[in-house]
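Chemist: 3D model of this:
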Amino acid sequence: MLKEGDKAPEFSLKDSNGNTVSLKDFHGKKVVLYFYPKDDTPGCTKEACSFRDNLPEFGKLNAVVLGISADSEASHKKFASKYELPFTLLSDPDKQVIQEYEVWKEKNLYGKKSMGIERTTFVIDENGRIMRVFPKVKVDGHVEEVMNVIGSRKETVS
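Modeler: Predicted coordinates for the structure are as follows:
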């Protein structure tokens, strides 16, 4: 299991416009990397809109928000447009990064077992190290928890 202090696994994935985005593109910034099950579902929409509504605060903390799911680039484009999401959504249809970050898990819903993405957020520091892992995220209050972690670890610039 990935834990605080570990080097975050590098990745390159396509965004909703077909551009390749890599973790290393954000070196020198904090990265809020959140994995979510599916575009345009109730919990995922609420989580995305909460990140959207607080994005200016993340900017003030020198942080970017990246969302990853197994949905297609086209699905991400539609989802981002519908809810005016101003941050990057990355498509991982082969689940390679999802598995590298160990968020592909067996889930149990109403007694039925299936494999899927466990809603998880990683906060990655300016040097690519994991500052915090939030497994099994409960959407309500989550963005505030993430901001508190980032805000309490402000780097001093000399």
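Chemist: first to last residue in stretch 75-92, what's the distance?
Modeler: 12 Å (C-alpha to C-alpha, to the nearest Å).
Chemist: show me what the most centrally placed residue in the chain bridges to in the sheet.
Modeler: Nearest to the geometric centre of the chain sits Tyr34, at 1.6 Å (C-alpha atoms, centre = their mean). With DSSP bridges as the criterion, the beta-bridge partners of Tyr34 are Gly67, Thr121.
Chemist: could you report the pLDDT at it?
Modeler: The pLDDT attached to Tyr34 in the predicted structure is 98.
Chemist: measure it to Ile124 for me?
Modeler: When distance is defined by C-beta to C-beta, to the nearest Å, Tyr34 is 11 Å away from Ile124. C-beta coordinates here come from the backbone N, C-alpha and C atoms, glycine included.
Chemist: just Pro135 next, same as before
Modeler: If you measure Pro135 against Ile124 using C-beta to C-beta, the figure is 15 Å.
Chemist: which residues are contacting stretch 51-58?
Modeler: With contact meaning C-beta atoms under 8 Å, 6 or more residues apart in numbering, stretch 51-58 is reached by 32, 34, 64-65, 67, 83-87, 143, 147, 150.
Chemist: run the last query once more with 7 Å
Modeler: By C-beta atoms under 7 Å, 6 or more residues apart in numbering, the surrounding residues in contact with stretch 51-58 are Val32, Val65, Tyr83, Glu84, Leu85, Pro86, Phe87, Val143, Met147.
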